[in-house]
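A.B. asks: Please work out how this folds:
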Amino acid sequence: MRKPLGYVIQESTSPIDGSPIVVILTMGSSNRKTGNMCQVWILRADVNPVQAVNTGEDYSICGNCPHRKQADGSRSCYVNVGQAPNSVWKTYQAGKYERDLHALGAREAVKGRKIRWGAYGDPALVNRLTFRVLNNAAAGHTAYTHQWKEPWAQWTAGHMQASCDGMADYLEASSRGFKTFAVIPKNGDSYSGKLCPATAEGSKVTCLTCSLCDGVKADIFVEAHGSGAKYVVPVPTA
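C.D. replies: Residues are numbered from 1 along each chain as shown. The predicted structure follows:
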């Protein structure tokens, strides 16, 4: 029997603005940095991700993330939505993913694998029970959320890294019980934790082999990368 391309594990409304969203699990990746992890995508169900970025409708799945496209046209997010997210959305629209809203098939599929929650979109939007069911079956996970200040996202402490954009964020997130993940400007000064091992020069480590970003183990930072890296600037401390 042919294995599914992926699974639709959630169709719901965004707790951010009530718009329709979809959560999709795909089974692998050729990304050198992450390694061959299962990938979870959080997308607008009704809007192509390229359009969503250009119109601001990505707010439904990215919320207050400062790396979204800004009024001046700058966008520091490293994800090129015209590539993998767009392909995943089109495959979903074509009905080619297995519908598995109770995550029973997906649970079997991730056994012995590691999951990257939020290959695109914020994983705090994932149903808490679905998140737990799949993580309990998997061999490990990584996850990051910019929604850690929101009341409805407090359950993510101990499960996801709080994405921080400056020392003030780091201190507040730490006080709330989160391990943190920070993006700093290229050659900038770090203010928390250790450099992501998968991005260290000459490193052969991947997210698959590392898995420090599971919300429990460590505070991690990474230097800005991708086409939007030039838009990541130091955050004033006062």
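A.B. asks: residue ranges with poor pLDDT in this structure?
C.D. replies: Applying pLDDT under 70 to the chain picks out residues 1, 225-238.
A.B. asks: so which helix or strand takes in the residue nearest to Arg99 when sequence neighbours are not counted?
C.D. replies: Closest residue to Arg99 apart from its sequence neighbours, by CB to CB, 6 or more residues apart in numbering: Val8 at 5.0 Å. (Each C-beta comes from the backbone N, C-alpha and C, glycine too.) Val8 is located in strand 6-13, with elements delineated by DSSP states H and E.
A.B. asks: what sits up against that strand?
C.D. replies: By CB atoms under 8 Å, 6 or more residues apart in numbering, the residues outside strand 6-13 that reach it are 19-27, 40, 45, 88, 91-92, 97-101, 103, 105-106, 109, 126-127, 130, 134.
A.B. asks: One more pass at 7 Å, please.
C.D. replies: Here strand 6-13 makes contact (CB atoms under 7 Å, 6 or more residues apart in numbering) with 19-27, 45, 92, 97-101, 103, 105-106, 109, 126-127, 130.
A.B. asks: any idea how far the one residue sitting closest to the centre of the chain lies from His146?
C.D. replies: Residue closest to the average C-alpha location in the chain (CA atoms, centre = their mean): Gly118, at 2.5 Å. Distance of Gly118 to His146, computed by CB to CB, to the nearest Å: 10 Å.
A.B. asks: Equivalent analysis for Cys207, please.
C.D. replies: Noted for Cys207: a distance of 18 Å to His146, by CB to CB.
A.B. asks: How about Ile42?
C.D. replies: Look at Ile42 and His146: by CB to CB, they are 12 Å apart.
A.B. asks: Mind listing the shared neighbours of these two?
C.D. replies: Asp122.
A.B. asks: Could I get the full set of helices for the chain?
C.D. replies: All helices of the chain, identified by DSSP state H, fall at 49-55, 59-62, 84-93, 104-109, 128-137, 167-175, 207-210.
A.B. asks: just the ones you listed: most buried one?
C.D. replies: For those, the largest average neighbour count (mean count of other CB atoms under 10 Å) is found in helix 59-62, namely a mean of 25.
A.B. asks: Determine the set of other helices and strands touching that one.
C.D. replies: Here helix 59-62 touches strand 38-44, going by 3 or more CB pairs under 7 Å, 6 or more residues apart in numbering; DSSP states H and E.
A.B. asks: ok so, going back, which among the contacts of strand 6-13 count as buried?
C.D. replies: By neighbour count, with 16 or more other CB atoms under 10 Å, the contacts of strand 6-13 hold 19, 21-27, 45, 92, 97, 100, 103, 106, 109, 126, 130 as buried.
A.B. asks: from these, which ones fall inside strands?
C.D. replies: Among the buried ones among the contacts of strand 6-13, the residues falling in strands (DSSP state E) are 21-26.
A.B. asks: Tabulate those residues in JSON lines, adding columns for distance to Cys196.
C.D. replies: Shown next, in JSON lines, are those (distance: CB to CB, whole Å):
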{"residue": "Ile21", "distance to Cys196": "28"}
{"residue": "Val22", "distance to Cys196": "29"}
{"residue": "Val23", "distance to Cys196": "25"}
{"residue": "Ile24", "distance to Cys196": "25"}
{"residue": "Leu25", "distance to Cys196": "24"}
{"residue": "Thr26", "distance to Cys196": "23"}
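A.B. asks: tally of neighbours for Ala94?
C.D. replies: 8 (other CB atoms under 10 Å).
A.B. asks: let's have the chain start at 842 instead
C.D. replies: Yep, numbering from 842; the last one is Ala935 now.
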